[in-house]
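Visitor: fold the following.
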Amino acid sequence: MTITGIGLSPEYVYQIQPGALFPDHTRFAIAWMRRAPLAMAMDMDGAFNDVAYRFDADSDPADVIQAIDDVLARYGGAGAYGREDHLSHQYLASELEQLRSSVAVVPFIFLGVAAFLVHLVTGRLIARQRDVIAILKAFGYGNRAIGTHYLAFTALIVLVGALPGVAVGAWLGRNLATLYGDFFNFPYLHYHLDAFVPASGVAIALIVALLGAMRSIRGAVRLPPAEAMRPELPAQYRATLIERAGLQSLFDQPTRMILRHVERQPVKAALSVLGIAMAGAILMVGNFQEDAIDHMLDVQFGLAQREDLAVTFTEPRSGAALHEVAALPGVTAVEPLRSVGVRLQAGHRRVRTAIIGLVNGGDLHRVLDDRYRPLVLPARGLTLSRYFAEVLHVEPGDLLEVETLEGRRLRHGVPVAAIVNDFVGATGYMEINALNRLMREGELVNGVFLSADENAHAALYAQLKDRPAVAGISLRAAAIESFNETMGDTILIFAFVNTLLAGSIAFGIIYNSARIAFSERARELATLRVIGFTRGEITYILVGELALLTLAAIPPALLIGWCCASSSPTT
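Guide: Modelled structure (predicted):
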C-alpha cells in the first residue's frame with residue numbers, strides 16, 4: 001500500500017477511522033496529520049508544496065489562475081489548474097455525462113411503448129363495451145361524461161402503478177448512489193429524493209398515458225347510440241401485395257392469412273415492430289458497454305502497456321539507473337521513461353498534461369496507431385492524444401506552444417507529428433531523446449518499465465519499495481485486477497438493468513398483442529376450427545404473426561442499437 005501524508009492547519013484536521021474510507025484491497029491511501037509536525041519531519045517548516053483555492057462566484061477562473069501562476073512562478077510553481085482539469089473530476093464528469101445520455105434516451109423509449117400499449121388496451125376495452133356505451137348514451141349520458149370516465153379509468157391505472165414505481169425507483173436510486181460512492185471512494189454520498197422528481201415523473205407518465213388513450217376514447221364518444229348497439233363490423237380484407245404480385249403460390253393458406261392480417265393494420269404492425277426493436281436496441285447497448293470494456297482492456301494492457309511493473313523515481317536520474325534496475329534478480333527487460341509536466345497552448349486554447357518520452361522499438365510500453373500497430377515516434381514533433389487534439393483544435397503539422405512545468409520552465413514551439421487514440425487517459429508522446437533535447441538536458445529518465453519472471457514479482461516489488469529513490473510502483477496485474485473489481489460490479493448491474501428493461505418492453509408488447517389478437521379473432525378462429533383447421537394450424541396463425549413482427553424488428557433493432565452505441569460516451 002502506498003500512503004501519502006498530507007499536513008493541514010489545525011482547523012482542517014479530521015479524525016478518520018481506519019478502513020472507513022478505503023476497502024482492504026485499496027493500494028493507495030491518504031494519512032492526515034497536523035501541518036506543523038509534518039513540516040518539521042520533512043524539513044519544510046513554514047513552507048508548503050501544494051495549495052488549494054476557492055474562488056468567488058463572480059470571478060473568472062482563468063484570470064485568477066493566471067494571476068496565481070504569475071505570483072508563484074518565481075517560487076517554482078508548476079502551474080495552477082481548475083477543477084475541470086483534475087483527473088478524478090474528468091472521470092466523474094464523464095460518468096455523469098453517460099448517465100445524462102441514458103436519461104435522455106431510455107425514458108422516452110419506455111414512454112413511447114407505454115403510450116402504444118395503453119392505446120391498444122383502451123381500444124380493445126372500448127370495442128368490447130360498445131353495447132354498454134350505447135345504453136349509457138340512450139339513458140342521457142353525454143360524450144363528455146363517457147370520455148371523462150375512460151380518461152379517469154386510465155388515470156387511475158397510472159396512479160396505482162405509480163406507487164410501486166416510485167418505491168422501486170427510490171430503492172434503485174439509493175443503491176445506485178451506494179454503488180457510485182463505493183466506485184469513486186467518496187467519503188460520503190447522501191442520497192436525497194426531492195419531491196419534485198417523483199411528482200414530475202408521475203405527471204409525465206399520466207400525460208403520456210392519456211395521450212395514448214385519447215384516440216380510442218375519441219372514437220368511443222363519437223359513436224352514435226344506434227350504431228354502437230350493433231356488433232362491430234367485420235374487417236374488410238383485400239388482396240395483399242404478395243397476392244397482387246402473383247406470389248401467393250409460394251405460401252400456404254395459414255401463412256397468407258398471417259400476411260393479410262398484418263397488412264390490414266399497418267400502423268399497429270409498424271408500432272409493434274418499433275417497440276420490439278427498441279427493446280433489442282437497449283439490450284444491444286448494454287452488451288456493447290461490456291464488450292467495449294473488454295476490448296479496451298485487451299488493447300491497453302495486451303498491446304500498449306505490456307510491462308509487468310512501472311517504476312517512477314523521485315527525480316530525474318541518469319541512464320545508469322537503467323543498468324542498476326536491470327541487475328535486480330528476476331528482471332528480464334527494462335525500458336526507460338521520461339515524463340515531463342507541460343502546458344500546451346494553441347491560440348487562446350490551452351491544456352495541462354504530461355509528455356511521456358519513450359524509446360522507439362520498445363516492446364514493453366508502446367504507442368499504437370488506429371490499427372493497433374506500434375507507432376514509430378518521430379525524431380522531432382509531438383504525438384498527441386485525440387482528446388487534446390480536439391480540445392486544442394489542432395491537426396498534424398500545426399504548431400503548439402509547449403511550456404514545461406519543471407526545471408527552467410522553458411517554452412518551445414513544437415509541431416504536432418501525429419494524433420493517436422488513447423483508451424485510458426490522455427497525454428502526449430515524444431521519442432525520449434527528443435524530449436531530453438526539448439528539456440535541454442542529458443540522457444535522463446524519471447522512471448522505467450520492467451518485465452520480470454512471474455515468480456519474482458513479489459521479491460522484486462519488495463526490493464524496489466525499500467529504495468529511497470523510488471517514488472512509486474505500478475503493477476500491471478494489480479491495475480487489471482483493480483479495474484475488473486471496480487468496473488465488474490458496475491457492468492453487471494447495468495447489464496442486468498438493461499436486460500430487465502428490454503425484457504419488460506418486449507414482453508409487454510408481445511403479450512398484449514397476443515391477447516388482443518386472440519380477443520379480436522376468437523370467432524374467426526372458432527370458425528376455422530369448424531371448417532377443418534387443426535389446432536396446430538390455429539396456433540401457427542397466432543404465433544406466426546408475432547414471430548413475423550419479431551423477425552421484422554431485428555434489422556431496425558440492430559440499426560438503432562448501432563446508432564446508440566456509436567454515440568455512447570464509452571466510444
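
Visitor: give me the domain ranges for the protein.
Guide: 2-87, 97-233, 245-303+477-571, 331-452 (automatic domain parsing).

Visitor: for the longest one, what is the average pLDDT?
Guide: The reference is to domain 245-303+477-571. Average pLDDT, domain 245-303+477-571: 79.

Visitor: one more: stretch 97-108?
Guide: Here the average pLDDT along stretch 97-108 is 75.

Visitor: would you point out which residue is most central in this structure?
Guide: The structure's the chain has its C-alpha centroid closest to residue 98; by CA atoms, centre = their mean the separation is 4.3 Å.

Visitor: sec struct for it, please.
Guide: helix (DSSP: H, G, I helix; E, B strand; the rest coil).

Visitor: so residue 78 sits in a strand?
Guide: No: using three-state DSSP, the assignment for residue 78 is coil, not a strand.

Visitor: now do the contacts for it.
Guide: 341, 405, 406 (CB atoms under 8 Å, 6 or more residues apart in numbering). All C-beta spots, glycine's among them, are computed from the backbone N, C-alpha and C.

Visitor: list just the nearest of the residues you listed to residue 504.
Guide: Distance to residue 504 across those (CB to CB) is lowest for residue 341, with 50.2 Å.

Visitor: show me what that closest one is bridged to.
Guide: Per DSSP bridges, the residues bridged to residue 341 are residue 354.

Visitor: and it, what is it in contact with?
Guide: By CB under 8 Å, 6+ apart, the contact list for residue 341 reads 78, 79, 352, 353, 354, 404, 405, 406.

Visitor: the fourth one: neighbour count?
Guide: Per other CB atoms under 10 Å, the neighbour tally for residue 353 reads 20.

Visitor: now the domains of the chain in a markdown table, with distance to residue 320?
Guide: As requested, the domains of the chain are arranged in a markdown table below (distance: least, CB to CB, whole Å):
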| stretch | distance to residue 320 |
| --- | --- |
| domain 2-87 | 26 |
| domain 97-233 | 39 |
| domain 245-303+477-571 | 28 |
| domain 331-452 | 9 |
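
Visitor: so which of these comes closest to residue 459?
Guide: domain 331-452 (9.3 Å).

Visitor: packing partners of the one helix or strand residue 134 maps to?
Guide: Taking DSSP states H and E as the criterion, residue 134 maps to helix 130-138. In this structure, helix 130-138 packs against helix 143-183, helix 225-229, with contacts taken as 3 or more CB pairs under 8 Å, 6 or more residues apart in numbering; DSSP states H and E.

Visitor: can you give me the distance of the residue nearest to the centre of the chain to residue 105?
Guide: 11 Å (CB to CB, to the nearest Å).

Visitor: pretty sure residue 336 belongs to a strand, no?
Guide: Yes: counting by three-state DSSP, residue 336 is part of a strand.

Visitor: returning to what we had before: weakest of the helices and strands packed on helix 130-138 by average pLDDT?
Guide: Looking over these, mean pLDDT reaches its minimum on helix 225-229, with a mean of 67.

Visitor: what's the following helix or strand after it?
Guide: Counting by DSSP H and E, what follows helix 225-229 is helix 241-244.

Visitor: need the residues that contact that next one.
Guide: So helix 241-244 is contacted by 248, 250, 251, 256, 259, 263 (CB under 8 Å, 6+ apart).

Visitor: gap between it and the chain center?
Guide: Taking CA atoms, centre = their mean, to the nearest Å, one finds helix 241-244 lying 46 Å from the centre of the chain it belongs to.

Visitor: count of neighbours near residue 509?
Guide: Other residues within reach of residue 509, judged by other CB under 10 Å, total 26.

Visitor: quick check: it vs residue 549, distance?
Guide: Taken as CB to CB, the span from residue 509 to residue 549 is 9 Å.

Visitor: which residues are common contacts for the two?
Guide: Shared contacts of residue 509 and residue 549 (CB under 8 Å, 6+ apart): 272, 276.

Visitor: what is the burial count for residue 321?
Guide: Count around residue 321 with other CB under 10 Å applied: 20.

Visitor: does residue 416 lie in a helix or a strand, and which?
Guide: Assigned by DSSP H and E, residue 416 belongs to strand 411-420.

Visitor: parallel or antiparallel, which strands does that strand pair with?
Guide: strand 382-385 (parallel), strand 399-404 (antiparallel).

Visitor: dump these to a markdown table, plus mean pLDDT.
Guide: Shown next, in a markdown table, are the strands paired with strand 411-420 (pLDDT from 0 to 100):
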| stretch | mean pLDDT |
| --- | --- |
| strand 382-385 | 90 |
| strand 399-404 | 89 |
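
Visitor: hey, C-alpha coordinates of the host helix or strand of residue 351 in CSV?
Guide: Following DSSP H and E, one finds residue 351 within strand 349-358. The C-alpha trace of strand 349-358 is given here as CSV (Å, rounded to 0.1, in the frame of the first residue of the first chain):
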residue,chain,number,x,y,z
ARG,A,349,-6.8,27.3,-26.0
ARG,A,350,-4.5,25.5,-23.6
VAL,A,351,-4.5,22.3,-21.6
ARG,A,352,-2.3,20.9,-18.9
THR,A,353,-0.9,17.4,-19.3
ALA,A,354,2.3,15.5,-19.5
ILE,A,355,4.6,14.5,-22.3
ILE,A,356,5.9,10.9,-22.0
GLY,A,357,9.2,10.1,-23.6
LEU,A,358,9.5,6.5,-24.9
